[in-house]
Structure formats: C-alpha cells, structure tokens
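model the structure of this input:
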Amino acid sequence: MEAQALERKAEMNRELREKLVQLKKERNAIILAHYYQRDEIQEVADFRGDSFLLAQKAASTDAETIVFCGVHFMGESAKILAPNKTVLIPDERAGCPMADMVNVDGLRKLKAQHPNAKVVTYINSSAEVKAETDICCTSSNAVKVINSVDADEIIWVPDKNLGHYVQQHTDKKLIIWEGYCNTHDMLTVKDVVEMRAKHPNAEFVVHPECRPEVVAIGDFVGSTTAIIDYCKNSNTQEFIVGTEDGTGYQLRKDSPDKTFHFASKFLVCPNMKVNNLKKLVKCLETMQPQIYVPPAVADKARISLERMLQVQ
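Predicted structure coming up:
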C-alpha cells in the first residue's frame with residue numbers, strides 16, 4: 001500500500017511539474033525559492049538562494065511575474081525592489097515570527113531615545129519596519145553593512161542572536177532588539193555535544209541566528225549560503241549542520257559524496273514548509289495571493305534595501 005501511495009504521489013508531482021512549465025511560459029514567471037523550502041519546491045525553482053541572493057535576483061529579473069517561495073517578508077522585499085512586477089506567494093500564511101517581534105511604534109521610541117544612532121534592520125522584518133530603517137542587511141553581509149554605516153551607535157533589529165555575533169566583529173556599539181528566530185533559537189549546546197559524540201569526525205557548521213553559546217562552539221559560522229559553500233569546498237567529509245533542515249537539499253546536491261547530520265530534529269521552520277508544489281501551481285493558475293505593499297511604505301523601505309545591495 002505504501003509503495004502504491006508513493007507511486008501515486010510521484011505521478012501527481014510529475015503532472016504538477018508539467019503544468020508548472022506551461023504556466024511559467026504563459027505568465028512570463030520566474031520561481032525564486034529560499035533554501036529552507038521543501039525539496040519539491042527547490043527542485044522546480046529557477047533560482048535558489050538565501051535572503052540576500054533572492055533579493056538581488058528579484059531586483060534584476062526581466063520576468064513579469066515573480067513567484068516567491070519563502071515567507072511573507074521575502075515576498076514584500078521582492079515587491080519593494082520590483083514594484084512593477086506581480087509578486088505571488090504560494091501560501092500567504094507563510095509568516096515569520098521573528099519579523100513579528102518588532103513593531104514600528106517600539107522602533108520609533110528607541111530611535112527617539114538614541115537620536116544619533118542609525119538603524120540597521122535584518123531583512124527578516126516587515127516592510128513597515130524597513131521604512132523606518134537606514135539600511136537593511138542579511139546574515140551574509142551583516143558585518144559589512146554595520147561597518148559601512150557612518151555612525152558609532154547602531155540600533156539593531158530584530159534578531160538578538162545575530163546581533164550578538166555582529167557585535168563581536170565591529171567596534172560600533174549595538175543597541176540590540178530582543179527578537180529571535182524560533183527555529184534556530186531551539187538549538188542547544190547539549191544537542192550539539194550529543195551529535196558530536198555520535199559523529200566525532202564531523203565538523204559543526206552553524207548559522208549566527210543560533211544562540212551565542214551554540215555559535216561559540218561552531219567549527220564554522222556563517223549564513224546559509226556561506227555554510228553551503230564551506231561544506232562544498234571543505235576536505236571534510238562529514239558535517240553536523242546547525243541551520244534549518246531545508247538546506248539539506250542544496251548541501252546534498254553540491255556534495256553527494258559527503259554526509260550531513262542536522263544538529264536537532266527540531267531545525268524545521270513550519271512557516272517555510274507551508275508552501276508546496278500543489279500550492280505553487282495553483283498560485284500561478286489563479287495569480288493569487290499577490291503581495292501588496294502600500295506605495296508610501298514601499299518608497300521608504302526601498303531606500304534601505306537598495307543601500308544594502310550597494311554595500312561591497
């Protein structure tokens with residue numbers, strides 16, 4: 001029975017993929033997928049990447065329609081950078097708890113308390129918060145962005161764990177908002193110690209959204225893209241991975257001869273996983289749900305995103 005069910009699912013996915021190819025042509029669409037998406041989404045994406053790479057792609061694509069397989073703030077960023085494009089997201093329930101941990105009123109109060117500070121906002125944030133921001137960053141360019149800012153004092157929102165990591169790599173003073181990624185923050189030192197005992201020859205690669213004490217014991221610390229590149233180019237054959245488990249798709253694709261163990265079974269973002277192949281096809285059929293950002297908000301937010309893209 002199980003074999004029949006798997007066969008039926010495989011056949012259904014084949015049909016969905018064929019339909020997707022046709023719809024992409026009809027809609028002049030590009031599919032962008034974050035590395036944390038389900039394998040079935042990443043397999044059909046025109047471009048896979050982390051937040052920074054996907055923002056760059058959204059800003060430069062010639063396609064009329066962008067289907068953003070990620071969470072809501074990513075779709076917003078694409079719409080802000082490509083205001084004349086139609087931006088779709090397969091499931092509008094794909095939110096980000098960390099992005100919801102910072103609000104405009106709270107940020108404005110903090111700005112009033114620190115009038116000489118510049119605001120650097122992690123891209124994992126709403127369009128409204130980006131509109132209150134001097135410059136955005138991602139985990140791949142956070143240190144470069146901070147050091148490019150002409151201020152000694154930085155209001156950093158919303159991820160306290162990434163903020164702690166960045167603070168160790170700059171002389172600037174960071175005023176850190178108390179947000180965090182629910183998924184990365186779950187990983188503990190105990191989890192890593194147990195995995196190292198099981199896999200003593202493995203290197204531990206970790207995302208700086210994890211807790212500081214977990215990051216401190218990493219053999220390599222970096223953004224999702226940096227982790228993927230490091231594992232691909234390393235002579236090490238076995239890795240314990242401290243980031244969301246969707247990354248496994250690209251890790252295995254780049255390095256089929258290497259072994260990857262995720263540091264915890266809880267490194268799964270439920271919001272990233274609400275998107276699936278069926279919803280992807282449906283959103284291109286119906287051209288819904290579309291991402292909308294009020295023009296006044298988008299115009300302000302665009303400045304902070306474009307400044308980020310200009311940092312070398």
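
give the buried residues for the regular element (helix or strand) spanning residue 3.
For residue 3, the host element (DSSP states H and E) is helix 2-27. Across helix 2-27, burial judged by 16 or more other CB atoms under 10 Å covers 13, 16, 20, 23, 24, 27. Every residue, glycine included, has its C-beta placed from N, CA and C.

mind picking the lowest-pLDDT entry from these?
Here the lowest pLDDT out of those sits on residue 13, with 88.

got a list of what that one touches?
40, 277 (CB atoms under 8 Å, 6 or more residues apart in numbering).

distance of it from residue 252?
18 Å (CB to CB, to the nearest Å).

one more: residue 100?
32 Å.

let me have the buried residues of helix 2-27 in TSV, adding distance to residue 96 as columns.
Formatted as TSV, these follow (distance: CB to CB, whole Å):
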residue	distance to residue 96
13	27
16	26
20	25
23	27
24	26
27	26
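
just the helices in the stretch 151-300 of the chain please.
In the stretch 151-300 of the chain, the helices defined using DSSP state H, counting those that start in this stretch lie at 160-167, 182-185, 189-198, 212-215, 224-233, 248-254, 277-286, 295-310.

state the helix or strand in which the residue nearest to residue 279 when sequence neighbours are not counted lies.
Once flanking residues are discounted, residue 279 sits nearest to residue 90: 3.9 Å by CB to CB, 6 or more residues apart in numbering. Assigned by DSSP H and E, residue 90 belongs to neither a helix nor a strand.

just checking, residue 77 touches residue 58?
Yes - counting by CB atoms under 8 Å, residue 58 is a contact partner of residue 77 at 7.0 Å.

who has more neighbours out of those two?
Set residue 77 next to residue 58 and count neighbours by other CB atoms under 10 Å: residue 77 wins out with 31 against 25.

per-residue confidence for residue 312?
Looking at residue 312, its pLDDT is 79.

partner residues bridging the closest residue to residue 70 other than its chain neighbours?
Computed as CB to CB, 6+ apart, the closest residue to residue 70 that is not its neighbour in sequence is residue 34, at 3.9 Å. Assessed by DSSP bridges, residue 34 has beta-bridge partners residue 49.

does residue 100 sit in a helix, a strand or a coil?
Secondary structure state of residue 100, per DSSP: H, G, I helix; E, B strand; the rest coil, is helix.

from residue 15, how far out is the nearest residue to residue 183 once chain neighbours are set aside?
Leaving aside its chain neighbours, residue 183 sits nearest to residue 269 (4.6 Å; criterion: CB to CB, 6+ apart). Using CB to CB, we find residue 269 at a distance of 28 Å from residue 15.

ditto for residue 54
Distance of residue 54 to residue 15, given as CB to CB: 27 Å.

residue 304 and residue 81, how far apart?
From residue 304 to residue 81 the distance is 11 Å (CB to CB).

no, scratch that, I was asking about residue 193
As judged by CB to CB, residue 193 and residue 81 stand 42 Å apart.

looking at these two, which is more packed in?
Remark: of residue 193 and residue 81, residue 81 carries more neighbours, 23 against 11, as counted by other CB under 10 Å.

ok, the more buried one to residue 225 distance?
If you go by CB to CB, the gap between residue 81 and residue 225 works out to 18 Å.

ok, now residue 74?
Distance, residue 74 to residue 225, using CB to CB: 15 Å.

confirm residue 40 sits in a helix?
Yes - looking at residue 40 with three-state DSSP, it is inside a helix.

residues near the nearest residue to it once chain neighbours are set aside, how many?
Among residues not flanking residue 40 along the chain, residue 277 sits closest, at 4.5 Å (CB to CB, 6+ apart). Counted with other CB under 10 Å, the burial measure for residue 277 works out to 21 neighbours.

thinking again about what came up before, residues contacting the residue nearest to residue 183?
Counting by CB under 8 Å, 6+ apart, residue 269 touches 36, 182, 183, 244, 246.

can we see that at 10 Å?
Contacts for residue 269 (CB atoms under 10 Å, 6 or more residues apart in numbering) come out as 34, 36-37, 71, 94, 96-97, 181-184, 243-246.

and the residue nearest to the spatial centre of the chain, what does it touch?
Closest to where the C-alpha atoms of the chain average out (CA atoms, centre = their mean) is residue 51, at 4.4 Å. By CB under 10 Å, 6+ apart, the contact set of residue 51 is 34-35, 70-71, 73-74, 77, 122-124, 136-141, 223-225.

having no further points to raise, I will conclude here.
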